[in-house]
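Trainee: Generate a structure from the sequence data that follows.
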Amino acid sequence: MMEKTSVPAPEKTPEKSLSSAFSLPSFSLLFKTMRPHQWVKNLLLFAPFMLAHQLNRPDKIAVLAMTFLCMCLMASGIYIINDLFDVKADPDEVHNLAGDPAHKKTLRELRALVDGFVAENDRLVVCEDPVDIMRGYYGEDAV
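Mentor: Modelled structure (predicted):
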């Protein structure tokens, strides 16, 4: 007859909740990685509207605010992607590969892609031309 041995039941591991997945330290680190201090540059989007006295138009401000938000999030996404690709080679973000002669060909190819995109999409306008806004506000002789 075989002896019965008791096997202890496995300890229950605490399930991770959604709130613990987004704990304060991880969110804080993510937010820091998004580089919100760089978002200040995107405030320049508001300059043409201020100079054209268009800040009293809620429809324009809504589009401008959405554009500002999208620009901030896109830039932050690029920072995060860059950090993920470069984390082993340059953990402190001190080496700029754009100035490295070994990457000259890649830089030229990427610039050509951007130039091609801009040339193909030059008619895509997010907002009115500031010159047209000024003409509408001050009259044809304004510019």
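
Trainee: What is the longest helix along the chain packed up against?
Mentor: Looking across the chain with DSSP state H, the single longest helix is helix 58-86. Packed against helix 58-86 by the contact rule (3 or more CB pairs under 8 Å, 6 or more residues apart in numbering; DSSP states H and E) you find helix 24-33, helix 47-51. In short, each C-beta sits where N, CA and C put it, glycine included.

Trainee: Buried by neighbour count: which residues of the shortest one qualify?
Mentor: Applying a neighbour-count criterion of 16 or more other CB atoms under 10 Å, the buried positions in helix 47-51 are 48-49.

Trainee: Restricting to C-alpha, output that helix in CSV.
Mentor: Output of helix 47-51 as CSV, limited to C-alpha atoms (Å, rounded to 0.1, in the frame of the first residue of the first chain):
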residue,chain,number,x,y,z
ALA,A,47,1.2,82.7,-32.8
PRO,A,48,-0.5,83.2,-36.3
PHE,A,49,-3.9,83.2,-34.7
MET,A,50,-2.9,85.7,-32.1
LEU,A,51,-1.3,88.0,-34.6
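
Trainee: Could you name the helices and strands sitting against that helix?
Mentor: helix 58-86, helix 130-138.

Trainee: Reformat the ones you listed as CSV; add mean pLDDT, distance to residue 46 and mean neighbour count.
Mentor: Below are the helices and strands packed on helix 47-51 laid out as CSV (pLDDT from 0 to 100; distance: least, CB to CB, whole Å; neighbours: other CB atoms under 10 Å):
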stretch, mean pLDDT, distance to residue 46, mean neighbour count
helix 58-86, 88, 6, 13
helix 130-138, 57, 12, 14
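
Trainee: sec struct for residue 116, please.
Mentor: helix (DSSP: H, G, I helix; E, B strand; the rest coil).

Trainee: In contact with it, which residues?
Mentor: Contacts for residue 116 (CB atoms under 8 Å, 6 or more residues apart in numbering) come out as none.

Trainee: Distance-wise, check it relative to residue 73.
Mentor: 24 Å (CB to CB, to the nearest Å).

Trainee: What of residue 99?
Mentor: Taken as CB to CB, the span from residue 99 to residue 73 is 28 Å.

Trainee: ditto for residue 27
Mentor: In terms of CB to CB, residue 27 sits 15 Å off from residue 73.
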